[in-house]
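Student: got a sequence here, can you model it:
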Amino acid sequence: MPIGEFGGAPPLAAEGSPVLTTPMYWMYEMAHASLNPARAVTDATKLLFQNPLNPWARTEVGKSVAAACELFERTTRRYGKPEWGLNDTEVNGIRVPVEIRSVWEKPFCRLLYFDRKFTRPLRSPQPRVLIVAPMSGHYATLLRGTVEAFLPAHEVYITDWADARMVPLSDGRFDLDDYIDYVIEMLHVLGGNTHVMAVCQPSVPVVAAVSIMEAQRDPFVPTSMTLMGGPIDTRRNPTGVNDLAQQRGIDWFRNHVITKVPFPHPGMMRDVYPGFLQLNGFISMNLDRHMDAHKQLFAHLVKGDGDLVDKHREFYDEYLAVMDLSAEYYLQTVDTVFVKHSLPKGEMTHRGTRVDPSKVKRVALMTVEGENDDISGLGQTEATHTLCSSIPDHRRVHYVQKGVGHYGVFNGSRFKSEIMPRIHDFMVSAANPSSLQALAAE
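Tutor: Model (predicted):
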């Protein structure tokens, strides 16, 4: 949940006016519903001008009309949760099918297991990794590339966070303390000998969960902990988006971006930070880039360049699919992580007990940062090494990837070719002090 993704929420007319914030979601739903007739006409028009029996379909005018119709449909559509699309993977040179199934579930999260269906057992077990996905507006499928890269050499689990508007009010609240409890429960379900990896926002609750487990001498503490582009200490090299939280303060977020889920969603009347405001923040950060991308889509549709059109659709089908966040979780995270800096100050608590990262001794630690990260600045994730002071030097590794920004830390070609192999080596070596010492020295 990088704070920059909160930053684009449009200010309302009155400071702290519940009269305005309460019906905000309801007005959004009404606006969406009002577009349905126009969308139906546009869809029919598109089909007409794409029909091969229509002589206009082969003309520049006809292609332009069809392209404009698709552009309107895509910019007014509500995007549902994307599919994983990971049906198989290659292990030791052999293609094997993958079955995705839930192995643990609570109202706000499922633990998904990517079960590789081997025809014969592996000669030696591969590292078991729990990927804790961000609960920051996008679905866990945003990490599809991350999971795909891990599958050939790891037993992969991932947190599949629920859309808060789909969780009935009767299922109770969900805040940062609950998030930490969920992580601990999932590590218990996996039964030890597990490597945990947090991508961005989950870095803080994962450090908290591991610290609590270590303080309690929990036998199911993970073997290693990998943190990637996480806002552990946003006082270090603060970015412009980090400064936003300090300037606004928690009351601004509470009064301007929290609203209630409307009928007919299952979570009706639940207080949430809605996905459409989150999406507004995503897009406003790079508005010119998104406008150019859609202009190019129009041109590619007219030219009939199917490959480039498919790439655009694939990216934006994922990017524009957003989920609502529980208001309690959102506000507590903003306040704890970005406003008060509670973890690096030693003031973070969980259920009334102080979180003490210095208790972490048995868990190997790796931190990964991107040189050009404009969400979590350089040094913010590395700060974990200072907090986890009891981890021996030979069981800790820090790596900065040159030439990548925030998303390049966990996805893309450099992640696959340079970051992923280092994480794999770290996990394999975590139980071997001599190997890990050599890795740390690189």
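Student: mind listing the strands for this protein?
Tutor: Taking DSSP state E as the criterion, the chain contains strands spanning 88-91, 94-106, 109-116, 128-132, 155-161, 195-199, 224-228, 259-260, 271-273, 325-326, 349-350, 353-354, 364-370, 396-401.
Student: to residue 215, which of those lies closest?
Tutor: Smallest distance to residue 215 across the strands of the chain (CB to CB): 8.1 Å, for strand 353-354. Yep, even glycine has a C-beta here, placed from its N, CA and C like the rest.
Student: right, so of the strands of the chain, which gets closest to residue 177?
Tutor: Of the strands of the chain, nearest to residue 177 by CB to CB is strand 349-350, at 5.6 Å.
Student: domain parsing for this protein?
Tutor: 20-76, 89-440 (the TED database).
Student: lowest average pLDDT across those?
Tutor: Here those differ in mean pLDDT, and the lowest is domain 20-76 at a mean of 88.
Student: quick one: that domain to chain centroid distance?
Tutor: Mean C-alpha position of domain 20-76 versus that of the full chain (CA atoms, centre = their mean, to the nearest Å) differs by 30 Å.
Student: mind listing what the spatially closest residue to residue 69 that is not a sequence neighbour touches?
Tutor: Nearest non-adjacent residue to residue 69, counting by CB to CB, 6 or more residues apart in numbering: residue 46, 3.6 Å away. Shown in contact with residue 46 (CB atoms under 8 Å, 6 or more residues apart in numbering): 65-66, 69-70, 73.
Student: give the buried subset of those residues as a PyMOL selection command.
Tutor: Remark: buried members of those, expressed as a PyMOL selection using 16 or more other CB atoms under 10 Å:
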select buried, resi 65+66+69+70
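Student: ok, of the contacts of residue 46, which one's closest to residue 30?
Tutor: Nearest member of the contacts of residue 46 to residue 30, counting by CB to CB, is residue 73, at 19.6 Å.
Student: list the buried residues for stretch 56-72?
Tutor: Going by neighbour count (16+ other CB under 10 Å), the buried part of stretch 56-72 is 57, 62-63, 65-72.
Student: ugh, typo on my part, it should be stretch 229-240
Tutor: Neighbour-count burial for stretch 229-240 [16+ other CB under 10 Å]: 229-234, 236-239.
Student: export those residues to CSV and tack on distance to residue 296?
Tutor: Shown next, in CSV, are those (distance: CB to CB, whole Å):
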residue, distance to residue 296
229, 28
230, 33
231, 33
232, 38
233, 39
234, 35
236, 38
237, 34
238, 34
239, 28
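Student: so what's the residue nearest to the spatial centre of the chain up against?
Tutor: Nearest residue to the geometric centre of the chain (CA atoms, centre = their mean): residue 134, 3.3 Å. Residue 134 is in contact with 1, 142, 199-202, counting by CB under 8 Å, 6+ apart.
Student: now the strands of the chain as a markdown table including mean neighbour count?
Tutor: Shown next, in a markdown table, are the strands of the chain (neighbours: other CB atoms under 10 Å):
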| stretch | mean neighbour count |
| --- | --- |
| strand 88-91 | 15 |
| strand 94-106 | 13 |
| strand 109-116 | 20 |
| strand 128-132 | 24 |
| strand 155-161 | 24 |
| strand 195-199 | 28 |
| strand 224-228 | 27 |
| strand 259-260 | 22 |
| strand 271-273 | 24 |
| strand 325-326 | 28 |
| strand 349-350 | 15 |
| strand 353-354 | 12 |
| strand 364-370 | 26 |
| strand 396-401 | 19 |
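Student: between the ones you listed, which one is closest to residue 175.
Tutor: strand 325-326 (7.0 Å).
Student: what lines up beside that closest one in the sheet?
Tutor: For strand 325-326, the pairing partners within the sheet under DSSP bridges are strand 271-273 (antiparallel).
Student: so how far is residue 386 from residue 62?
Tutor: 63 Å (CB to CB, to the nearest Å).
Student: ok so, going back, tell me how far the residue nearest to residue 69 lies from residue 80.
Tutor: 20 Å.
Student: what do you get for residue 188?
Tutor: For residue 188, the distance to residue 80 equals 32 Å [CB to CB].
Student: looking at the two, which is more packed in?
Tutor: residue 188 (15 against 10; other CB atoms under 10 Å).
Student: now do the contacts for the closest residue to that one other than its chain neighbours.
Tutor: Leaving aside its sequence neighbours, residue 188 sits nearest to residue 220 (CB to CB, 6+ apart; 5.1 Å). Contact analysis of residue 220 by CB under 8 Å, 6+ apart lists 187-188, 190-192, 194, 213.
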